[in-house]
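> Compute the structure for the input listed below.
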Amino acid sequence: MSDEGYFGQYGGSYIPEILFNSQQQLIESFREAMADASFLAQVKSEMQTYSGRPTPLTYCGNLTEAVGGAQIYIKREDLNHSGAHKMNNVIGQGLLAKRMGKKRVIAETGAGQHGVATALVSARLGLECTIYMGAHDIQRQYPNVFWMKQLGATVVPVTTGSATLKDALDEAIRDWCTHYEDTHYLIGTSCGCEPFPEMVAGFQSVIGEEVKEQAMAQIGRYPDRIYACVGGGSNACGIFLPFLDSEVELVGVEAGGIGDGPGEHAKRFNTDQARFGVAQGYATKFLQDDQGQLQETQSISAGLDYVGVSPILADLEEQGKVRMISARDDEVVDAFKRLMISEGIIAALESSHAVAGGIREAATMQVDESIAINLSGRGDKDIFNIAKALNDVAFGDFIEDYLSEAMKP
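I've put the predicted structure just below:
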């Protein structure tokens, strides 16, 4: 990374002038905090005593036998407090906001996991909290919205554009421009202007550091491949970056959606619909139409339904240090079911993309090889989407009966 927050040609700071002083304060405070042993000890303590780290690396013997080929291990970020890897970053940024004297945090969220994590830590640290979430995502992830509100956060529905993560991020940036003096923008993924990509990836790197130790203890060496789903890129950066100097192959799995046409997926790689662009404060690969306008995206998972990607991952893929593949919605649902039935692990739909890509390729590998899949979150939040995808009539009947009773005087 350069001094200006660039990763190759990606990254940088393309922000309104009004945010310059606030950004400079954030950069300086972040650098000072990361050089302060007491701050790092506080972050580590909160991760362990509040969030529940370290999360285990689980061997999946039944799934391995069913798939054939490589030995399959799952990194259990679903066991974090809040049910996802998002807590790692939120703890770090929440403590940083307190250190800077900020009284309020704002955040964007897609699947709602970052929103819940932000609301949890805000309650713990005594911070005012506002969450921006696309109206479409609110509909498909309402259980998370319910908990955000119960935790005291203000949830603002975003109805502009496609009413998904991209639009929520736009609104959060607008809020930051208006309230920068007392507000910290607690971004949830490794995107945005400097220092957000580096900062989020840094706090999330605890995932990969733990996998290093766990793999050596359980396998006797590093896994041959590591898989992670890729939306914005925080969980992928978190598990990938500690392995950059190793021989481990790093594989990102994007949302293949329902097809390869415009608006049918959320792939920023292996498609001619994505190219270099500048939006939302940084430069990266964005899905764009012929006029350079950002395209709509589609995914069964709200957390991967994003038009851009981390500048860190864009640069690493360009260098050949990360390989990108994708998984279609139907393959994702199948992978969700296979992991659940064979191992008793209920994965988030986002994470199920990594599972889909991992088991697809594990079948082509040798039995003396191994893979690790980053299970970035658990699937409780997806119960309505999964029930719909599985066409579970009994669940639909239950909801109808429950609402009928609830509406009675």
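
> so where is the protein shaky, pLDDT-wise?
Across the chain, the ranges flagged by pLDDT under 70 are 1-3.

> What ranges does it have for its strands?
Counting by DSSP state E, residue ranges of the strands within the chain are 6-7, 10-11, 57-59, 71-76, 104-109, 128-134, 154-158, 183-185, 225-229, 249-257, 274-279, 282-287, 323-328, 370-375.

> now, of those, which is deepest in the fold?
Using mean count of other Cβ atoms under 10 Å, the stretch among the strands of the chain with the largest mean neighbour count is strand 225-229, at a mean of 30. Where you see a C-beta, it was placed from the backbone N, CA and C, and this is true even at glycine.

> Spell out which strands sit alongside that strand in the sheet and which way each one runs.
Under the criterion DSSP bridges, strand 225-229 sits next to strand 249-257 (parallel), strand 370-375 (parallel) in its sheet.

> ok and the shortest one relative to strand 71-76, angle-wise?
Spelled out, it's strand 370-375. Going by axes from the mean of the first three to the mean of the last three Cα atoms, to 10 degrees, strand 370-375 is angled at 30 degrees with respect to strand 71-76.

> Export strand 370-375 to PDB, keeping only CA atoms.
Coordinates of the C-alpha atoms in strand 370-375 are reproduced here as PDB (Å, rounded to 0.1, in the frame of the first residue of the first chain):
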ATOM      1  CA  SER A 370      -6.900 -30.100   2.600                       C
ATOM      2  CA  ILE A 371      -9.000 -26.900   2.300                       C
ATOM      3  CA  ALA A 372     -10.200 -24.400   4.900                       C
ATOM      4  CA  ILE A 373     -13.500 -22.600   4.200                       C
ATOM      5  CA  ASN A 374     -14.200 -19.300   6.100                       C
ATOM      6  CA  LEU A 375     -17.700 -19.600   7.400                       C
END
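
> all helices for the stretch 251-400 of the chain, in order.
311-318, 329-343, 349-362, 383-389, 393-406 (DSSP state H, counting those that start in this stretch).

> how's the chain carved up into domains?
According to the domain assignment given by automatic domain parsing, the chain is divided into the following structural domains: 13-49+86-200, 53-83+205-387.

> coming back round to it: using JSON lines, please lay out the helices of the stretch 251-400 of the chain together with distance to residue 218 and mean neighbour count.
As requested, those are arranged in JSON lines below (distance: least, Cβ to Cβ, whole Å; neighbours: other Cβ atoms under 10 Å):
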{"stretch": "helix 311-318", "distance to residue 218": "26", "mean neighbour count": "24"}
{"stretch": "helix 329-343", "distance to residue 218": "16", "mean neighbour count": "20"}
{"stretch": "helix 349-362", "distance to residue 218": "17", "mean neighbour count": "29"}
{"stretch": "helix 383-389", "distance to residue 218": "30", "mean neighbour count": "16"}
{"stretch": "helix 393-406", "distance to residue 218": "37", "mean neighbour count": "10"}
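
> about what we covered before: please produce CSV containing the domains of the chain, extended by distance to residue 398.
Converted to CSV, the domains of the chain look like this (distance: least, Cβ to Cβ, whole Å):
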stretch, distance to residue 398
domain 13-49+86-200, 15
domain 53-83+205-387, 9
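
> how about the strands of the chain, which one is nearest residue 28?
For these, proximity to residue 28 was assessed by Cβ to Cβ; strand 183-185 is nearest, at 13.7 Å.

> before we move on, back to that, I'd like the strands paired with strand 225-229 laid out as CSV, including distance to residue 166.
Output for those, formatted as CSV (distance: least, Cβ to Cβ, whole Å):
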stretch, distance to residue 166
strand 249-257, 13
strand 370-375, 23
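
> Could you work out which of those reaches nearest to residue 178?
Of the strands paired with strand 225-229, the one closest to residue 178 (Cβ to Cβ) turns out to be strand 249-257, at 32.0 Å.

> Compare the strands of the chain and give me the one nearest residue 404.
So among the strands of the chain, strand 154-158 is nearest, using Cβ to Cβ, at 25.9 Å.

> distance between that closest one and the chain's centre?
Taking Cα atoms, centre = their mean, to the nearest Å, the mean C-alpha location of strand 154-158 is offset from the chain mean by 19 Å.

> Mind giving me the packing neighbours of that strand?
Contacts of strand 154-158 with other secondary structure elements, assessed using 3 or more Cβ pairs under 8 Å, 6 or more residues apart in numbering; DSSP states H and E, are made with strand 128-134, helix 135-140, helix 142-150, helix 165-179.

> That strand pairs with which strands, parallel or anti?
Strands that pair with strand 154-158, judged by DSSP bridges, come out as strand 128-134 (parallel).

> how about the CA coordinates for the partner strand, as CSV?
Extracted in CSV, the C-alpha atoms of strand 128-134 (Å, rounded to 0.1, in the frame of the first residue of the first chain):
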residue,chain,number,x,y,z
GLU,A,128,-25.4,6.6,19.8
CYS,A,129,-25.9,4.4,16.7
THR,A,130,-27.6,4.9,13.4
ILE,A,131,-27.7,2.1,10.8
TYR,A,132,-28.5,2.7,7.1
MET,A,133,-30.0,-0.3,5.3
GLY,A,134,-31.6,-0.8,1.9
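
> Pull the residues that contact it.
103-110, 112, 115, 118-119, 122-123, 141, 145, 148, 151-158, 162-169, 171-172, 175, 302 (Cβ atoms under 8 Å, 6 or more residues apart in numbering).
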